[in-house]
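K.L.:
sequence and predicted structure, then a few things I'm wondering about:
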Amino acid sequence: MKDKERLLGFIWKIANILRGDFRKDEYRKVIIPFVILRRFDCILKEKKQLKQTSYTQIDNSTELDLALIVKNKDECFGLLLDYLKGFSGITEDILNNFNLIDQINRLQQSRLLFIVLQNLCNLDLSPKNISSEQMSTLLEEVNRKTSFLSGDLHGEYYTPKDVISLMLKLLVCEDQTIAKKNIEKSVFDCCSGTGNTLLMAHDYFKSLNPSINLRLFGQEINAESYAFCKAAMLLKGTYSDNIVLGNSLTNPDLTTSKSDNFFPNEFDYFITNPPYGMQWKKIEPLVKEEHERQGFSGRYGPGLPSVKDASLLFLMNIMSKMKKEGSRIAIIFNGSPLFAGRPGPKKNENSIRQWILENDYLDSIVELPNWLFYSTGITTYLWILSNKKDTKRKGSVQLINASTFFVKMNKTIGNKRNRLESSHITRIENIYKSYSENEYSKILNNSAFGYKKITVERPQRKNSQIVLNKKGDPKPDINLRDTENIPLNRDSMKHLEEQIHPHFPDAWIDEDKTRIGYEIPFAQYFFNPKPLRTLTEINKDILALQKEIDNLSIL
């Protein structure tokens, strides 16, 4: 049975049925929950026939099923609503967060409900026909195809598998404890989306150690994505109660009123791809209050980034959940967290970077190729962080330039034009593990990213005389004031004597205005200028051009 082809055929058929009554961006709101409902329905029918005890969290208190409902065309609307009322617990939560009843009401009003159900019942999504692994793959395909139909291929719905594979490799490649028999590990994604990252983490960890006791946790703000993630986890056979709905930036508590499940405050691994450049103005009062009230005992003690970009908020949130005995983080950013924010009295991106580097949390940064993601073609960076770095890595950061490690795709999907092949991922992993410098890898001391912003003053003059204040010190002339950035380990007075006094002997540095700054000018360390042409080559070109001009003159 060509399950994928039949499922995709269903998607296109339902999209054609919805055309005219639903907008394109609404297609996925109908198709996805109906496919998941059909999987639940097939599981329940198989459980009744075979009296199986698997899928214990999927149950329905009615005697109805979709095939029976479709046989009663005139009553299918009421019967379907009764059928939905029979679900409880996790399945009820999933269907409610898809707003399935709202979609059913709209389909009924448009006289499309029966035909959609009829087509749905032609799909055999029973476990005996499609395993949980196959269903997980099919759901991923449904998610991608419906997003494509809706013109809505955003990062919140789908992170490419090649990127996730690289994140997982670098997340655990140096962890010697993974191979221990029956070892317990936890993984948390604070922006779990539709769960693709967590499900891939499950498969990857199990491939490394089949006996591992792995617990997956996720938090998601979008109700539809949350429902999809929870359904995907449930149908995969993992514990879906570990996925909670909520804003991770304002709600750090993962427990919910609907679940008695125990959620840890700390995790072994964090893997996430938060939205780029997400504004957080609406939640600013809550975040600012936590920052001011809790300080470093809370999540946001190091500072608050601009309300135009929440990237570093997401990072501080998960860093607050690191275990004292050691945790590792893999997180995707755009370029902003590398350099945004300037040193000053206000705690901002700069002070957050300073806190990360001075506490030796940053392990490595990998520049990824452009056009890897479905939603954007901008340059992105994979940050690896740890609060228990390998001995050889302590006090330093490894920068890896993998911007040229890609192949072009035969067909562009959204903005994704390039992809990482397994050979590229292995190459990056080997560069990381070798921990040596070459054209793709640079290793720098943490302090190399720091600098001092000094304020250089020059005196006011009146009738060529220096104006003094009441203490007898020169008054600074604000029109002549200047600032300079000098390396963190350079003595300010020595810099004054060697670099400033030869030009301005009466200048001085106001130490009270000195600020510490940290930024990561990634491109600077891989800048490879082309050598200038020699005079001989230039003269040769000039003579050739002159000869060409002379020939034109003759004509």
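P.N.:
On my side now, so go ahead. Numbering: from 1, shown residues only.

K.L.:
wait, a strand at Ile329?
P.N.:
Yes: with DSSP: H, G, I helix; E, B strand; the rest coil as the criterion, Ile329 is assigned to a strand.

K.L.:
next one: it, what pLDDT does it get?
P.N.:
pLDDT, Ile329: 98.

K.L.:
low-confidence stretches in the stretch 201-350 of the chain?
P.N.:
By pLDDT under 70, the weakly predicted segments of the stretch 201-350 of the chain are 253-262.

K.L.:
now do the helices in it.
P.N.:
Using DSSP state H, counting those that start in this stretch, the helices of the stretch 201-350 of the chain run over residues 223-236, 284-294, 311-319, 336-339, 349-358.

K.L.:
can those helices go into JSON lines with extra columns for mean neighbour count?
P.N.:
To be clear about C-beta, it is placed using only N, CA and C from the backbone, and glycine gets the same treatment. Formatted as JSON lines, the helices of the stretch 201-350 of the chain follow (neighbours: other CB atoms under 10 Å):
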{"stretch": "helix 223-236", "mean neighbour count": "24"}
{"stretch": "helix 284-294", "mean neighbour count": "14"}
{"stretch": "helix 311-319", "mean neighbour count": "24"}
{"stretch": "helix 336-339", "mean neighbour count": "19"}
{"stretch": "helix 349-358", "mean neighbour count": "22"}
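
K.L.:
would CSV of those helices with distance to Ala402 be doable?
P.N.:
Putting the helices of the stretch 201-350 of the chain into CSV (distance: least, CB to CB, whole Å) gives the following:
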stretch, distance to Ala402
helix 223-236, 28
helix 284-294, 33
helix 311-319, 20
helix 336-339, 16
helix 349-358, 21
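
K.L.:
out of the ones you listed, the one nearest Arg111 is which?
P.N.:
Across those, Arg111 has its closest neighbour in helix 223-236 (24.9 Å, CB to CB).

K.L.:
just give me how far that closest one sits from the chain centre.
P.N.:
Using CA atoms, centre = their mean, to the nearest Å, the mean C-alpha position of helix 223-236 is found 18 Å from that of the whole chain.

K.L.:
who wins for proximity to Pro264 among the helices of the stretch 201-350 of the chain?
P.N.:
Of the helices of the stretch 201-350 of the chain, nearest to Pro264 by CB to CB is helix 311-319, at 12.9 Å.

K.L.:
give me the residues contacting the closest one.
P.N.:
With contacts defined as CB atoms under 8 Å, 6 or more residues apart in numbering, helix 311-319 is touched by 188, 190-191, 248-249, 252, 270, 272, 274, 276-278, 280, 287, 299-300, 302, 304-305, 329, 331, 333-334, 336-337, 349, 352, 361, 383, 385, 387.

K.L.:
stretch 473-485 too?
P.N.:
So stretch 473-485 is contacted by 451-461, 466-469, 495, 506, 508, 510, 517 (CB under 8 Å, 6+ apart).

K.L.:
what about 6 Å?
P.N.:
For stretch 473-485, the external contacting residues (CB atoms under 6 Å, 6 or more residues apart in numbering) are 451, 453-460, 466-467, 469.

K.L.:
would you quantify the distance from Arg28 to Asn143?
P.N.:
Here the distance between Arg28 and Asn143 works out to 8 Å (CB to CB, to the nearest Å).

K.L.:
columns neighbour count, distance to Leu18 and secondary structure on top of the contacts of stretch 473-485, output as TSV?
P.N.:
As requested, the contacts of stretch 473-485 are arranged in TSV below (neighbours: other CB atoms under 10 Å; distance: CB to CB, whole Å; DSSP: H, G, I helix; E, B strand; the rest coil):
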residue	neighbour count	distance to Leu18	secondary structure
Tyr451	20	57	strand
Lys453	17	58	strand
Ile454	21	64	strand
Thr455	17	64	strand
Val456	20	67	strand
Glu457	20	69	strand
Arg458	20	72	coil
Pro459	18	76	strand
Gln460	17	75	coil
Ile466	14	80	strand
Val467	13	78	coil
Asn469	10	77	coil
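
K.L.:
tell me the two of those residues that are most distant?
P.N.:
Tyr451 and Val467 (31.8 Å).

K.L.:
any idea which helix or strand in this structure has the lowest mean pLDDT?
P.N.:
For the chain, using mean pLDDT, DSSP states H and E, the weakest element among its helices and strands is helix 535-554, scoring a mean of 77.

K.L.:
chain center to that helix: distance?
P.N.:
The answer for helix 535-554 is 55 Å, by CA atoms, centre = their mean.

K.L.:
the lengthiest helix in the chain vs helix 223-236, what angle?
P.N.:
Looking across the chain with DSSP state H, the single longest helix is helix 27-50. With axes from the mean of the first three to the mean of the last three CA atoms, to 10 degrees applied, the angle from helix 27-50 to helix 223-236 works out at 30 degrees.

K.L.:
what's the span of stretch 317-335, first residue to last?
P.N.:
In terms of CA to CA, to the nearest Å, the two terminal residues of stretch 317-335 are separated by 19 Å.

K.L.:
what are the buried residues along it?
P.N.:
With burial defined by 16 or more other CB atoms under 10 Å, the residues of stretch 317-335 counted as buried are 317-323, 327-335.

K.L.:
what does stretch 110-121 give?
P.N.:
Neighbour-count burial for stretch 110-121 [16+ other CB under 10 Å]: 112-114, 116-117, 119-121.

K.L.:
so which of these sit within helices?
P.N.:
Those of those lying in helices (DSSP H): 113-114, 116-117, 119-120.

K.L.:
can you tell me how far Ile104 sits from Tyr226?
P.N.:
Separation of Ile104 from Tyr226 (CB to CB): 20 Å.

K.L.:
what of Asp482?
P.N.:
Look at Asp482 and Tyr226: by CB to CB, they are 53 Å apart.

K.L.:
ok, for Arg328, nearest residue in space, not its chain neighbours?
P.N.:
Spatial nearest neighbour of Arg328, excluding adjacent residues (CB to CB, 6 or more residues apart in numbering): Ser386 at 4.8 Å.

K.L.:
and the one you found, backbone torsions?
P.N.:
For Ser386, the backbone dihedrals (degrees, to the nearest 10) come out as phi -160, psi 150.

K.L.:
that one touches Leu362, doesn't it?
P.N.:
No: Ser386 is beyond contact range of Leu362, at 8.6 Å (criterion: CB atoms under 6 Å).

K.L.:
hmm, back to that, redo the buried residues of stretch 110-121 as a markdown table? Include distance to Tyr374 and pLDDT.
P.N.:
Shown next, in a markdown table, are the buried residues of stretch 110-121 (distance: CB to CB, whole Å; pLDDT from 0 to 100):
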| residue | distance to Tyr374 | pLDDT |
| --- | --- | --- |
| Leu112 | 29 | 97 |
| Leu113 | 32 | 97 |
| Phe114 | 34 | 97 |
| Val116 | 27 | 97 |
| Leu117 | 31 | 97 |
| Asn119 | 27 | 95 |
| Leu120 | 27 | 95 |
| Cys121 | 32 | 95 |
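
K.L.:
among these, which pair sits farthest apart?
P.N.:
Farthest pair in the buried residues of stretch 110-121, by CB to CB: Leu112 and Cys121, 14.9 Å.

K.L.:
spell out the secondary structure type for Gln398.
P.N.:
Here Gln398 is strand, with the state taken from three-state DSSP.

K.L.:
beta partners for it?
P.N.:
Using DSSP bridges, the bridge partners assigned to Gln398 are Ser364, Ile443.

K.L.:
and the helices in the stretch 51-200 of the chain, which stretches?
P.N.:
With DSSP H, counting those that start in this stretch as the criterion, the stretch 51-200 of the chain has helices at 66-71, 76-85, 89-97, 100-109, 113-120, 132-149, 161-172, 196-208.

K.L.:
lowest-confidence stretch among those?
P.N.:
For those, where the average pLDDT is lowest is helix 132-149, sitting at a mean of 85.

K.L.:
residues in contact with that helix?
P.N.:
Residues from elsewhere that reach helix 132-149 (CB under 6 Å, 6+ apart): 7, 11, 15, 27-28, 31-32, 35, 153, 157-158, 194, 232, 235-237.

K.L.:
great, nothing more from me.
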